[in-house]
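J.: please find the sequence and the predicted model below.
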Amino acid sequence: MDRFRFRLVSALWLAVALVLFTAPASAIPAFARKTGLRCTSCHESWPVLNDFGRAYRDNGYQLRLGKDDPTTTPPGYWPVAIRITPHYEFNSISNQDTDQGPKDFKTGGVADGAMDLLTAGTLTNNVSFLVVPTGFASDGSVSLESYWIYLTRFLFKSDWFNVRLGKHEVDLPVSAHRSINLTNGYLIYGYHPAADADAGSPFDMGANQRGIEFSGHDRGSMTRYNFTIFNANDSNGSRNAWDSTSYYGHFQKYWQLDSNTLSEVEVGAFGAWANYPTTAFTSGGEPIPGEGGNLKTTSRYGAETQLWFGPAVTPLHFELVYAHGSDARDLYGGAANRNGTWNGGFLEAVWVPSDLLHWGLFGRYDLIRNSDQPIPGTPKDFNDQDQLTGGIKYTLNYNNRAEYALHAEYQTNRMKKIASDGSDVRANTVFFGIDFAF
Amino acid sequence: MNRFGQRHIALAIGLLLAGSFELRAASAGAGDPVRGKLVYERYCLSCHGPEGNGAGEYAEWTTPKPRDYRQGTFKWRSTPSGSLPTDADLEKTLKGGLYGTAMPTWFAIGHRSRMDVIAYIKTFSDRWTKEKPQPSIVIPSEPANDAASIQRGKALYVKYQCVQCHGENGQGDGPSAHELKDDWGNPIVPYNLTEGHIKCGDTARDIYRVFITGLSGTPMPSFADSIDKDQAWDLAHYILSLGPAGPRRTEEQGP
């Protein structure tokens, strides 16, 4: 039996290894056209930023060579790029309620694509911007995923004083919008104990938030801080000068080592405190937007570490993130008798094999474990989740104009006891397509 | 911990090592050209080209043109005219970038990657196997940068015909300015000394060094045999006086 278990777990390790060793990268080709640099300069693997890319972003998309002001670029230059991923996708999910009893659903086909229209650049020295309309799918919907203006060195001409205003992603340990995988994202960002999406808090730390971000860094962005005040996403608003006032903070420290065995180490800590109204004036029984009160908190905080094994230029990059989450019981509208709390995290690996910058292998394991269920009588492990993602990216061509890559990915997610009969639900996704940006 | 757990920890470590099979022991000091090739492909290739000939896909759109490494000729050195640069010279250029050109600051990529790519750049020219860089020039102590020194430097600026290229007021608009070419036949523009972003560095010491070493591959000669050290300092002070006042380099530090 012991030998069987060993073989079984060994096989699982092998499977993990196969999906784990991957490399990412995603670029805004408008920057490549402006600077002449290839996507690989800023991206470890498209779209994961490397040290240079992180520093370039923190500097407000500026190289500071006297060519950042738009009047110094050719008049024909227009800072626009597109990214879209035509792909085939197969999804299956088990134990879904139907009139015919619990059934497994399976569906697949070429997905109805959506596009990011990425416009980003500098308005003048030390003033940069990003506007991202996204959507353009067959339903005709288009929304502004992001829009912000970023003032760098706004005090004392120092990199330690930068401010961003608009709708933007907070400075997450790993970007939720530019993740290496294209299926379901990082669980800890948007997880809540209740399986019903309408119950409890709607807070998603990975969603873009409307707010003001203060940030700073040293040269090379080896030490960074970030503090954001924002309106919590999907809040009905409250009777305050700043409705749904919420806060996010993040600190990171990187060490580049003079070694090709362990070439870099990072540690960091983050925390988010998002507040939502739990009471509201109503009209016809419906809450009046912006007239809520009695704000209660959804929080999540945690720590991270990153390790880069091998040469910095072709690393095996691990990121381990831990988070503790809590939803105030009042957010469940009287159904809860205590706060909902959980612990979670993920381990992600991205690998760019030596001398094959075209290849990227990636894998991630996401885990959620509930500690206190807010709804009385709920099993402690209700909606505990285990998500495994693995994939491969092969860049067919990249230069300082465009990039396109084959992208294949598999993801499986087990959600415990959330089916109506109390059994587990498992969702699987197979994804294969061509990811391109121009 | 039971044997089962121990086995799997060992297996995990094994997989980690297998996944990073290219990992090598830490090697402080000199760079590795094999790893440097990867650094070059990631960061340098689009301008300097796969052959190191300065003819990358973006070269057509840049002025000045990217360096052709095949001759082993480098502008920014601490070594005498005609000599190869030291590794420290090359790393200084990588760390600081070259303001006004397409050459970014590669500060963020780290010392190890810079040393590796320097080792790879050396493989493009056999000069590196036949010659050693000469010792860096000795720069004497800087005398006072005062009005008298600047006035003497102004006279030397005319005497040594700096005006021919850099112009009467240092704006890079001298009579010969539009006729200059580098060793590869590419048009080259004399630097506008009034902008205050001198590529070699903004201190009098940096400018002094250029007078003595010259800028190999360009029409900027070495004055090592024709100017004494006091004159060189006076001229450096005058050049500095042409630019805007105050520290500049730190304001332009890139990523």
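T.: Nice, I can see it.

J.: give me the residue at the spatial middle of the chain.
T.: Assuming you mean chain A. The structure's chain A has its C-alpha centroid closest to residue A:176; by CA atoms, centre = their mean the separation is 1.0 Å.

J.: chain B was what I was after
T.: Nearest to the geometric centre of chain B sits residue B:93, at 3.2 Å (CA atoms, centre = their mean).

J.: contacting residues around that residue?
T.: Listed by CB atoms under 8 Å, 6 or more residues apart in numbering or on different chains, the contact partners of residue B:93 are B:76, B:103. Every C-beta, even on glycine, is put in place using the N, C-alpha and C of the backbone.

J.: element containing it, please.
T.: Following DSSP states H and E, one finds residue B:93 within helix B:87-96.

J.: leaving out the residues flanking it, which one is nearest to residue A:186?
T.: residue A:346 (5.7 Å; CB to CB, 6 or more residues apart in numbering or on different chains).

J.: ok, the host helix or strand of that neighbour: who's next to it in the sheet?
T.: Taking DSSP H and E as the definition, one finds residue A:346 inside strand A:340-351. Sheet pairing of strand A:340-351 (DSSP bridges) gives strand A:316-327 (antiparallel), strand A:359-372 (antiparallel).

J.: for stretch B:88-108, what is the distance to the chain centroid?
T.: Distance, stretch centre to chain centre, for stretch B:88-108: 6 Å (CA atoms, centre = their mean, to the nearest Å).

J.: buried ones in that stretch?
T.: Of the residues in stretch B:88-108, B:89-108 count as buried by neighbour count, 16 or more other CB atoms under 10 Å in any protein chain shown.

J.: any idea how far apart the tips of that stretch sit?
T.: One end of stretch B:88-108 sits 17 Å from the other (CA to CA, to the nearest Å).

J.: repeat that for stretch A:143-160.
T.: 32 Å.

J.: for the residue nearest to the centre of chain A, give me the pLDDT.
T.: At residue A:176, the pLDDT value in this model is 94.

J.: looking at this, it is in a helix?
T.: No. Counting by DSSP: H, G, I helix; E, B strand; the rest coil, residue A:176 is not found in a helix; it is coil.

J.: touching, residue A:46 and residue A:402? I think so.
T.: No. Between residue A:46 and residue A:402 there is no contact under CB atoms under 8 Å: 11.3 Å.

J.: more neighbours: these two, which one.
T.: Legend: neighbour count by other CB atoms under 10 Å in any protein chain shown for residue A:46 and residue A:402, higher for residue A:46 (27 against 17).

J.: could you check how far that one is from residue A:30?
T.: Note on residue A:46: its distance to residue A:30, by CB to CB, to the nearest Å, is 15 Å.

J.: any chance of a markdown table for the strands paired with strand A:340-351, columns mean pLDDT, distance to residue B:84 and mean neighbour count?
T.: Putting those into a markdown table (pLDDT from 0 to 100; distance: least, CB to CB, whole Å; neighbours: other CB atoms under 10 Å in any protein chain shown) gives the following:
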| stretch | mean pLDDT | distance to residue B:84 | mean neighbour count |
| --- | --- | --- | --- |
| strand A:316-327 | 97 | 35 | 22 |
| strand A:359-372 | 96 | 36 | 22 |
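
J.: secondary structure class of the closest residue to residue A:437 other than its chain neighbours, three-state.
T.: Among residues not flanking residue A:437 along the chain, residue A:83 sits closest, at 4.2 Å (CB to CB, 6+ apart). Three-state call for residue A:83 (three-state DSSP): strand.

J.: if I look at the residue nearest to residue A:186, how far off is chain B?
T.: Here the criterion is CB to the nearest CB, to the nearest Å. By it, residue A:346 lies 17 Å from chain B.

J.: that residue against residue A:363, yeah?
T.: No. Look at residue A:346 against residue A:363 with CB under 8 Å: they stay out of range, at 10.5 Å.

J.: and residue B:199, what does it touch?
T.: Here residue B:199 is in contact with B:76, B:98-101, B:191 (criterion: CB under 8 Å, 6+ apart).

J.: what does residue B:186 give?
T.: Residue B:186 neighbours (CB under 8 Å, 6+ apart): B:64-65.

J.: got the phi and psi for it?
T.: With angles defined as degrees, to the nearest 10, residue B:186 sits at phi -80, psi 140.

J.: relative to residue B:56, how far out is it?
T.: Look at residue B:186 and residue B:56: by CB to CB, they are 14 Å apart.

J.: the residue in the stretch 101-250 of chain A that chain B sits nearest to: neighbouring residues, count only.
T.: Across the stretch 101-250 of chain A, no residue is closer to chain B than residue A:220, which sits at 4.1 Å (CB to the nearest CB). Neighbouring residues of residue A:220 were enumerated by other CB under 10 Å; the total is 24.

J.: that one reaches residue A:50, doesn't it?
T.: No. Shown here, residue A:220 and residue A:50 do not form a contact pair, counting by CB under 8 Å, at 11.6 Å.

J.: before we move on, the earlier item: contacts with chain A among the contacts of residue B:199, please.
T.: Among the contacts of residue B:199, the residues within reach of chain A (CB under 8 Å from any CB of the partner chain) are B:98-101.

J.: among the residues you listed, name the ones in strands.
T.: Among the ones next to chain A among the contacts of residue B:199, no member is found in strands (DSSP state E).

J.: surely residue A:215 and residue A:227 touch.
T.: Yes. Counting by CB under 8 Å, residue A:215 touches residue A:227, with 7.4 Å between them.

J.: more neighbours: those two, which one.
T.: residue A:215 (21 against 16).

J.: with adjacent residues omitted, what lies nearest to that one?
T.: Of all residues not flanking residue A:215 in the chain, residue A:226 sits nearest, at 4.4 Å (CB to CB, 6+ apart).

J.: so the one you found is in contact with residue A:247, correct?
T.: No. In this structure, residue A:226 is not within contact of residue A:247 by CB under 8 Å, at 11.2 Å.

J.: quick one, which of these two is more surrounded?
T.: Neighbours around residue A:226 and residue A:247, counted as other CB under 10 Å, are more numerous at residue A:226. The numbers are 21 against 18.

J.: who's in contact with residue A:34?
T.: Neighbouring residues of residue A:34 by CB under 8 Å, 6+ apart: A:73, A:77, A:79, A:121.
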